[in-house]
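>>> Next one to model:
(chains A and B)
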Number of protein chains: 2
Amino acid sequence: MINFTVGPVQSSEVVKTVGALDVPYFRTPEFSELMLDNERRIKELAKADNSSRVVFITGSGTASMEAAVMNIFTKNDKVLVINGGSFGQRFVDICNIHEIPCDVLKLNVGQALTSDMLDVYNNKGYAGLLVNIHETSTGVHYDGKLLSDFCKKNNMLYIVDAISSFIADELNVKELGIDVMITGSQKALACPPGISLILMSSKVVEIIQNNNVKSLYFDLKDALKNAERGQTPFTPAVGTLIQINERLKEIDSKGGLEKEQEYIASLAKNFREGIKDLPLDICSESLSNAVTPVATRNCSAYDLFMILKDEYGIWICPNGGALKDKVFRVGHIGNLSMEDNKCLIDALHDLFDRGILK
Amino acid sequence: MINFTVGPVQSSEVVKTVGALDVPYFRTPEFSELMLDNERRIKELAKADNSSRVVFITGSGTASMEAAVMNIFTKNDKVLVINGGSFGQRFVDICNIHEIPCDVLKLNVGQALTSDMLDVYNNKGYAGLLVNIHETSTGVHYDGKLLSDFCKKNNMLYIVDAISSFIADELNVKELGIDVMITGSQKALACPPGISLILMSSKVVEIIQNNNVKSLYFDLKDALKNAERGQTPFTPAVGTLIQINERLKEIDSKGGLEKEQEYIASLAKNFREGIKDLPLDICSESLSNAVTPVATRNCSAYDLFMILKDEYGIWICPNGGALKDKVFRVGHIGNLSMEDNKCLIDALHDLFDRGILK
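Numbering: from 1, shown residues only, chains lettered A, B, ... in the order given. Next comes the predicted model:
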């Protein structure tokens, strides 16, 4: 199978080699060192200030989204959520569950965010902005600079879910004044799923230290305290954390962030050009390098997903809900080659020749 | 390194082979089937009623402990916690955080639970009992039948953290009337850490359906709904779930639960006999097959841990807190052989000969 989904994605040999080993015991100086190295390397990739901190949560990206929101905001805050799809809606749900008042800037499927839309929300006393910088469900990549300016002007915390965008798209945490950046192990980090991480500015760390969160597992105060010595409060997904370390070293040794980002962008460009002659429409006004969302015209997107899986040995990424039959997504992250791209482009052309893609 | 800790433990070849592979996409009928098979096999191993349900949480065992408590009990309930060590204390902490009134039956380190101790707590209107059936921190295995009788008599829910005991010790969920059983991937399931699971009686499922939990990630209603079709609300640790499936099939093909349990018990017995002539004291009044807690007399238990790691290539399991220098633990779960046991027993004798173990 070739995997063009948005996670789990294909891993490099070095990551899979670790997966084949026994998982070591972790309450050791050796594992602590590895974790401190993970923190240092993540901060470097995110271009974050040295005073920022990183904690690793054993859980899906959603676990870190919820942990961040419930540790930082309270009933006395008001936040603004950019909601352009199911992950924006997830932030809204989290706010509602934890009774954090929120206003919602709702976008249509595929719609880019503009400065006009944001202007309406100036001077409303928001404590923070919650945004999925790449709304993975629709493949819309928001303008990080636009949101940064808005947050600075309104003195708001800038909370960024970059789960599927980290590494794939340019993101300068320090320059943009991002206070929280969240990502997961199974996106461009190209490791198995099971770990998500939260990078926090010193400002946010201080807020967390002064809040009381009603959770043991998501108590970031405890996680921060343990992370000082490279440990976690509870047994983490040790194997995946070691794989992340190997992967971070690999990115470094292969030329660093820029090289990796260029490669992902070139895969995306190659795919987008390769399907131009097919009855398919790229349906995002602002694309991320990580994903291409593709609308079908006269056939079911979900049927294409199933046929590609069963007849061609290829996974593309189906959509759920109202978009199930209308849109599929193609990921450009993970260990993919130009030849893999060619297989998918050829398969789509074959489906066109067979009258299935129409 | 030979790993005698209580998790992560050593995995079998079949589990490590899966770890070496790319993690597949999971919103597919194929993965759903695997998950339904996991549920069926866990229920079988636990000897649970067919009407019970299993959900898999991407997170540490603590994640499932907290999820279970917060989904089942409310401020209007009162529970009894058996607290014999740091995992008992964890249940107390969870109750306190979620404002669930609790009484605590506190035990000394290594102390077994007796019927006299429990008698004091009859007819107090408890909604449930929370117990770590094997208090992993001290190696005390409580009497499941005693607690079962107590719960039945007092019409209480019987909530069992069996994280380190599942498979290693006898546990008949149906016979004992256990309402919730929790375990983790990295104990006798001998897979990498990252997944914990909650098995629930139909009675508990109904309670959860009627409660409103203030959590998105730990909303068991949502997990139960998704699990009906073999899925999870959020991207799970797919690789580990596939490893669990392979491991469950392996246990089955090698003679089933009884065979596996017998083997773990024989490893424990062999180790306990092998250290009889050393100045070490097994310090639990009621042992689990999973672990042997060992008290040192005139040397630091933590020093032994460090020397065995650095000079012998062996991990034993250190204790934290007040027991750090007094007690170490030796696990008998995971892919361990009698030869591995011999290595550890020989190493301990060598430490004795060197005058370090005294």
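>>> Name the nearest residue to A:Val6, sequence neighbours excluded.
Spatial nearest neighbour of A:Val6, chain neighbours left out: A:Gly331 (4.4 Å); criterion: Cβ to Cβ, 6 or more residues apart in numbering or on different chains. Just so you know, the C-beta spots here come from the backbone N, C-alpha and C atoms, and that holds for glycine as well.
>>> Name the nearest residue to A:Leu113, ignoring sequence neighbours.
Nearest non-adjacent residue to A:Leu113, counting by Cβ to Cβ, 6+ apart: A:Tyr142, 4.8 Å away.
>>> Name the residues of the host helix or strand of A:Leu147 that come out as buried.
Per DSSP states H and E, A:Leu147 falls inside helix A:144-153. For helix A:144-153, burial by neighbour count (16 or more other Cβ atoms under 10 Å in any protein chain shown) applies to A:144, A:147-148, A:150-151.
>>> Redo these as CSV? Include pLDDT.
Shown next, in CSV, are those (pLDDT from 0 to 100):
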residue, pLDDT
A:Gly144, 98
A:Leu147, 98
A:Ser148, 98
A:Phe150, 98
A:Cys151, 98
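>>> all strands for the stretch 1-150 of chain A, in order.
For the stretch 1-150 of chain A, the strands defined by DSSP state E, counting those that start in this stretch occupy A:2-3, A:53-58, A:79-83, A:102-106, A:128-132, A:134-135, A:140-141.
>>> and the angle from the third one to helix A:144-153?
Per axes from the mean of the first three to the mean of the last three Cα atoms, to 10 degrees, the angle that strand A:79-83 makes with helix A:144-153 is 170 degrees.
>>> Could you do the longest one as well?
With the same axes, to 10 degrees applied, the angle from strand A:53-58 to helix A:144-153 works out at 120 degrees.
>>> Partner strands of strand A:53-58, with direction?
Under the criterion DSSP bridges, strand A:53-58 sits next to strand A:195-200 (antiparallel) in its sheet.
>>> Any residues of the stretch 51-200 of chain A in contact with chain B? List them.
Counting by Cβ under 8 Å from any Cβ of the partner chain, the residues of the stretch 51-200 of chain A lying close to chain B are A:58-63, A:66, A:90, A:93-94, A:97-98, A:184, A:186, A:192-195.
>>> so of these, which ones are in helices?
Counting by DSSP state H, these place A:61-63, A:66, A:90, A:93-94, A:97 in helices.
>>> Secondary structure element holding A:Phe352?
Going by DSSP H and E, A:Phe352 is in helix A:338-353.
>>> List the buried residues for that helix?
Applying 16+ other Cβ under 10 Å to helix A:338-353 flags A:340-341, A:344-345, A:347-348, A:351-352 as buried.
>>> Reformat those residues as a markdown table; add distance to chain B and pLDDT.
Below are these laid out as a markdown table (distance: Cβ to the nearest Cβ, whole Å; pLDDT from 0 to 100):
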| residue | distance to chain B | pLDDT |
| --- | --- | --- |
| A:Asp340 | 12 | 98 |
| A:Asn341 | 17 | 98 |
| A:Leu344 | 14 | 98 |
| A:Ile345 | 19 | 98 |
| A:Ala347 | 16 | 98 |
| A:Leu348 | 18 | 98 |
| A:Leu351 | 19 | 98 |
| A:Phe352 | 23 | 98 |
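>>> on that earlier part again, would you mind pulling the contact partners of the helix holding A:Leu147?
A:82, A:113-115, A:118, A:121-122, A:129, A:131, A:133, A:156-158, A:160, A:171, A:175-178 (Cβ atoms under 8 Å, 6 or more residues apart in numbering or on different chains).
>>> Now do it and strand A:128-132, the angle between them.
With the same axes, to 10 degrees defining the directions, helix A:144-153 sits at 170 degrees from strand A:128-132.
>>> Alpha carbons of stretch A:120-131, as CSV, please.
C-alpha atoms of stretch A:120-131 as CSV (Å, rounded to 0.1, in the frame of the first residue of the first chain):
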residue,chain,number,x,y,z
VAL,A,120,-15.1,42.9,13.0
TYR,A,121,-13.5,41.2,16.0
ASN,A,122,-11.2,44.0,17.1
ASN,A,123,-11.4,45.5,20.6
LYS,A,124,-13.7,42.8,22.0
GLY,A,125,-11.6,42.0,25.0
TYR,A,126,-10.6,38.5,24.0
ALA,A,127,-8.0,36.7,26.1
GLY,A,128,-6.9,34.5,23.2
LEU,A,129,-7.4,33.3,19.6
LEU,A,130,-7.7,29.6,18.9
VAL,A,131,-6.8,28.5,15.3
